[in-house]
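Enquirer: Build me a model:
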Amino acid sequence: MNKDFAFTIKSIRFDENYRPSHNTRTTTNFANLARGANRQENLRNALTMIDNRFNALASWDNPKGDRYSVELEIISVEMDLDVEGNGEAFPMIEILKTNIIDHSTNKRIDGIVGNNFSSYVRDYDFSVLLLEHNKNQSKFSIPDNYGDLHGKLFKSFVNSNVYQQNFIKPPVICLSVSDNKIYQQTKNRHPVLGIEYQPNESSLTEQYFKKMGLQVRYFMPPNSVAPLAFYFFGDLLSDYTNLELISTISTMETFQKIYRPEIYNANSAAGTYYQPNLKHQDYSLTRIVYDREERNRLAIEQGKFAEENFIKPYQATLERWSANYALN
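Expert: Below you'll find the predicted structure:
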């Protein structure tokens, strides 16, 4: 089998009326907000935080701080398995697309696709395969070819016709920094991305995303308190406009303030040398409800879902495809 898999893209608006579909990973940032008794208030408050942060960063020609708002689309990507012509599909990844509304010119501006990144196969790799591999081991190690399949599937999607037809630019994914690395400030400053940091060593997440074709840089935007990890193709600083970058920063920093307030809503900013700490006590809480322990438990459940519904039943097909996949 040498042909590539086919992908299907579905889009749904992420607003205060959003309800997760049955295919949505419940550990996904946006799905987690849209559950429980406070779901609509959670969503409304998060979206307000995004808009306020966007206007604070895009302050030029914006005297009242209300020129822009951000609309978000959840992009769900299904992979057509179609091994026996039965049309079966697997929910491969979910990402976010930002759209910028300029209320001064009444224009709608494309933002960045990517931002948040959710993947059943990544859940399997980190929460099932890696744990099983290190069970009863005295020293932590990584399985052979770890992340290869996921990386090839992601690159196949980004290089596909369906991606090129729907999105103008390559994706940018924005994640939290690692709490077991030390980050050092550099002299590099960007007007929107802010102060660049460099880690003392490569993380497992960096290595995993490198197999997806992505490189990483760390920046702490103006008036932020901790750097964010930006994973990208090409040249992050030259390939995207300031407004595009602001749309990602405002969206993902808001999520991180909710999910990792110890780091991203701390009451003091990162210094020249910075080690994130999830046990840090000097931080503020947002008004948005979130259960981090539940999210960790669900990641294991969803990794097992991927194993039972994708990895095991299609193992031979996936191995043949992976072996024949032309590396970029």
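Enquirer: Please make it C-alpha for all contacts and neighbour counts, starting now.
Expert: Fine.
Enquirer: Just the element for residue 149, please.
Expert: Element membership of residue 149, judged by DSSP states H and E, is helix 148-158.
Enquirer: mind listing what's buried in that helix?
Expert: Residues of helix 148-158 classed as buried: 149, 150, 151, 152, 153, 154, 155, 156, 157, 158 (neighbour count, 16 or more other Cα atoms under 10 Å).
Enquirer: ok, of those, which one's closest to residue 247?
Expert: residue 158 (20.5 Å; Cα to Cα).
Enquirer: which stretches of the stretch 151-300 of the chain have low pLDDT?
Expert: By pLDDT under 70, the low-scoring segments of the stretch 151-300 of the chain are 289-296.
Enquirer: change it to 80
Expert: 287-299 (pLDDT under 80).
Enquirer: And the helices in it?
Expert: For the stretch 151-300 of the chain, applying DSSP state H, counting those that start in this stretch gives helices covering 161-166, 204-210, 236-239, 242-259, 261-264, 292-306.
Enquirer: what's the fifth one packed up against?
Expert: The helices and strands touching helix 261-264, judged by 3 or more Cα pairs under 8 Å, 6 or more residues apart in numbering; DSSP states H and E, are helix 242-259.
Enquirer: Give me the contacts around the helix it packs on.
Expert: 29, 46, 49-51, 53-54, 57-58, 70, 98-100, 110-112, 115-116, 174-176, 192-193, 221, 228, 263-265, 285-286, 288, 290, 292 (Cα atoms under 8 Å, 6 or more residues apart in numbering).
Enquirer: Same question for stretch 88-95.
Expert: By Cα under 8 Å, 6+ apart, the residues outside stretch 88-95 that reach it are 23-24, 74-82, 113-121, 310.
Enquirer: from the residues you listed, which would you call buried?
Expert: 24, 74-81, 113-121, 310.
Enquirer: for the stretch 1-150 of the chain, what are the low-confidence residue spans?
Expert: Counting by pLDDT under 80, the stretch 1-150 of the chain has low-confidence residues at 1-4, 15-40, 81-88.
Enquirer: residue boundaries of the strands in it?
Expert: Along the stretch 1-150 of the chain, the stretches classed as strands by DSSP state E, counting those that start in this stretch are 6-14, 68-80, 89-102, 107-119.
Enquirer: got TSV for those strands, with distance to residue 298 too?
Expert: What follows is the strands of the stretch 1-150 of the chain, written out as TSV (distance: least, Cα to Cα, whole Å):
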stretch	distance to residue 298
strand 6-14	22
strand 68-80	19
strand 89-102	16
strand 107-119	13
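Enquirer: Quick one: closest of those strands to residue 170.
Expert: strand 107-119 (7.5 Å).
Enquirer: Tell me which other helices or strands the closest one touches.
Expert: strand 89-102, strand 172-175, helix 242-259.
Enquirer: of those, which approaches residue 269 most closely?
Expert: Comparing these under Cα to Cα, the one sitting nearest is helix 242-259, at 13.3 Å.
Enquirer: To what extent is residue 324 buried, counted in neighbours?
Expert: Burial of residue 324 is recorded as 13 neighbouring residues (other Cα atoms under 10 Å).
Enquirer: now residue 236
Expert: Around residue 236 there are 17 residues (other Cα under 10 Å).
Enquirer: Check the gap between it and residue 136 for me.
Expert: Computed as Cα to Cα, to the nearest Å, the residue 236 to residue 136 distance reads 41 Å.
Enquirer: what does residue 110 give?
Expert: From residue 110 across to residue 136, the span is 49 Å (Cα to Cα).
Enquirer: ok, the two, which is more surrounded?
Expert: Between residue 110 and residue 136, counted using other Cα under 10 Å, residue 110 has the larger neighbour count: 18 against 9.
Enquirer: Quick check: chain neighbours aside, which residue is closest to that one?
Expert: residue 99 (5.0 Å; Cα to Cα, 6 or more residues apart in numbering).
Enquirer: wait, what's in contact with that neighbour?
Expert: By Cα under 8 Å, 6+ apart, the neighbours of residue 99 are 70, 71, 72, 73, 108, 109, 110, 111, 112, 247.
Enquirer: so the fourth one bridges to which residues?
Expert: On the basis of DSSP bridges, residue 73 takes part in beta bridges with residue 13, residue 97.
Enquirer: Run the chain-centre distance for stretch 58-74.
Expert: When distances are taken as Cα atoms, centre = their mean, to the nearest Å, stretch 58-74 is centred 22 Å away from the chain's centroid.
Enquirer: in stretch 179-193, what counts as buried?
Expert: Across stretch 179-193, burial judged by 16+ other Cα under 10 Å covers 181, 182, 183, 184, 185, 189, 192, 193.
Enquirer: ok, and what's touching it?
Expert: 57, 195-201, 203, 219-222, 242, 245-246, 249, 271-278.
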